[in-house]
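Engineer: Sequence and computational prediction follow.
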Amino acid sequence: MSKATFAVSMIALGLGCSSAVMADTKVPVVTSFSVLGDLVQQVGGDHVAITNLVKANGDAHVYNPAPLDAKAIASAQLVVMNGLEFEGWMPRLLESSNFKGNKVLAADGIDTIKGHSCSCGGHGHHDDHDHDHDHDHDHDHDHDHDHGHAHGEFDPHSWHSIKNVKVYVKNIEKGLTKVDPANADDYQRNAALYIQKLDKLDVKLHKKIALIPEGKRKVITPHAAFAYMARDYKIDFHAPQGTSTESEASAGDVAKIIKQIRSEGIKAVFVENISDNRLIEQISRETDAKIGGQLYSDALSEPTGPAPTYLKMMEYNVDTIVNALK
Ligand SMILES: [Zn+2]
């Protein structure tokens, strides 16, 4: 090798190193599931390198962390999770990863809805725990003192309210600013711009929902994931399964839903991207309700799917419901 070539090689190596250092200056962030992965990307922009744990179409209620997940958490500066006991596997993972960094509970400070692991035919939040929908928990819980079961006092699916997600975005902005104050202005600007988009979408979705008369806004889904959307858009959601996919629907829950579909003339039932849809297919067969489409409940779609971002997910869900009910 000539001296000149050697010098050029060293320069090339030098450039390689400096760009590697540049890449390393991105804030390593771990998010628990795909909706948060998108929200952190929106607020963090080019300043963050995100590792998202539960992937597109994955079920975050029953996730089994992989060794690589612990590794990602161990080297993260910030961990963003939903909270409200949505990710029941997360506390143990944080502990086993010996995580000492900052943590954002995205749902902190939102307007919560009380949760219930059994839908008991929808909005009937009564306290009859005698039926066997919850056999996994019967052994380790005293029901007299724990009506929230293992899944927490509140319904964790709060991202289905755009109002709540504006709080998520502010929490994420605060978390990123804390670990990377040098880029605080960017985080603030990105968050403000994204909140504008959220507000605009909320107005748009209210208009779409208004096309369906309030009394006809009746939707059946596999698990009870949409109480927050129900509240914002005055839609009546019912599910044979409770707020966690861990709980199983009892025969009684299913019979109740079927009866309700018949007596109220409910036109459509919906499948979900993350859940076992056999029960809904069975309910559809036993009633006149057709399958109205697939809703994205606890995860985004793959990038090539119809709901690869939070904004697209919300619009796709509303469009799917409106098209099936009109
Ligand atoms: Zn869920």
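Structural biologist: That came through, no problem.
Engineer: immediately after the helix or strand bottoming out on mean pLDDT in the chain, which helix or strand?
Structural biologist: Here the helix or strand of the chain ranked lowest by mean pLDDT, DSSP states H and E is helix 135-138, holding a mean of 38. Using DSSP states H and E, the helix or strand that follows helix 135-138 in sequence is helix 162-179.
Engineer: Kindly format the C-alpha coordinates of that following helix as PDB.
Structural biologist: Extracted in PDB, the C-alpha atoms of helix 162-179 (Å, rounded to 0.1, in the frame of the first residue of the first chain):
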ATOM      1  CA  ILE A 162     -57.400  11.100  21.200                       C
ATOM      2  CA  LYS A 163     -57.900  13.400  24.200                       C
ATOM      3  CA  ASN A 164     -55.900  11.000  26.400                       C
ATOM      4  CA  VAL A 165     -53.200  10.600  23.800                       C
ATOM      5  CA  LYS A 166     -52.500  14.300  24.000                       C
ATOM      6  CA  VAL A 167     -51.600  13.600  27.600                       C
ATOM      7  CA  TYR A 168     -49.400  10.700  26.400                       C
ATOM      8  CA  VAL A 169     -47.600  13.000  24.100                       C
ATOM      9  CA  LYS A 170     -46.900  15.600  26.800                       C
ATOM     10  CA  ASN A 171     -45.600  12.800  29.100                       C
ATOM     11  CA  ILE A 172     -43.300  11.600  26.400                       C
ATOM     12  CA  GLU A 173     -42.100  15.100  25.700                       C
ATOM     13  CA  LYS A 174     -41.300  15.500  29.400                       C
ATOM     14  CA  GLY A 175     -39.500  12.200  29.500                       C
ATOM     15  CA  LEU A 176     -37.400  12.900  26.500                       C
ATOM     16  CA  THR A 177     -36.600  16.400  27.700                       C
ATOM     17  CA  LYS A 178     -35.400  15.000  31.000                       C
ATOM     18  CA  VAL A 179     -32.900  12.600  29.500                       C
END
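Engineer: what element comes up after that helix heading to the C-terminus?
Structural biologist: Using DSSP H and E, the first helix or strand after helix 162-179 is helix 184-209.
Engineer: Which neighbouring elements make contact with that following helix?
Structural biologist: helix 34-44, helix 162-179, helix 227-233, helix 310-325 (3 or more Cβ pairs under 8 Å, 6 or more residues apart in numbering; DSSP states H and E). The C-beta positions use only the backbone N, C-alpha and C, and glycine is treated the same way.
Engineer: Need the winner for burial among these.
Structural biologist: Mean neighbour count (mean count of other Cβ atoms under 10 Å) peaks for helix 34-44 among these, with a mean of 25.
Engineer: tell me the contacts of residue 80?
Structural biologist: 29-32, 36, 39-40, 103-104, 106, 172, 175 (Cβ atoms under 8 Å, 6 or more residues apart in numbering).
Engineer: Most widely separated two among those residues?
Structural biologist: 39 and 103 (15.3 Å; Cβ to Cβ).
Engineer: Provide the secondary structure category for the residue of the stretch 1-150 of the chain found nearest the ion.
Structural biologist: For the stretch 1-150 of the chain and the ion, the shortest gap (Cβ to the ion) falls at residue 61, measuring 5.4 Å. Classification of residue 61 using DSSP: H, G, I helix; E, B strand; the rest coil returns helix.
Engineer: The nearest residue to residue 287 once chain neighbours are set aside and residue 326, how far apart?
Structural biologist: Closest residue in space to residue 287, ignoring its immediate chain neighbours: residue 261 at 4.5 Å, by Cβ to Cβ, 6 or more residues apart in numbering. Distance, residue 261 to residue 326, by Cβ to Cβ, to the nearest Å: 18 Å.
Engineer: Spell out which parts of the stretch 201-326 of the chain neighbour the ion.
Structural biologist: Contacts of the stretch 201-326 of the chain with the ion, taken as Cβ under 5 Å from the ion, map to 225, 298.
Engineer: Which parts of the stretch 201-326 of the chain are helices?
Structural biologist: 227-233, 251-264, 278-286, 310-325 (DSSP state H, counting those that start in this stretch).
Engineer: follow-up on the earlier one: higher neighbour count, residue 261 and residue 326?
Structural biologist: residue 261 (22 against 11; other Cβ atoms under 10 Å).
Engineer: Now do the more buried one, the pLDDT please.
Structural biologist: The model reports residue 261 with a pLDDT of 96.
Engineer: ditto for residue 246
Structural biologist: 88.
Engineer: Relative to residue 99, which of the helices and strands packed on helix 184-209 is closest?
Structural biologist: Of all the helices and strands packed on helix 184-209, helix 162-179 comes closest under Cβ to Cβ, at 12.9 Å.
Engineer: Tell me where the model's unsure across the stretch 151-300 of the chain.
Structural biologist: Per-residue confidence for the stretch 151-300 of the chain (pLDDT under 70) gives these ranges: 151.
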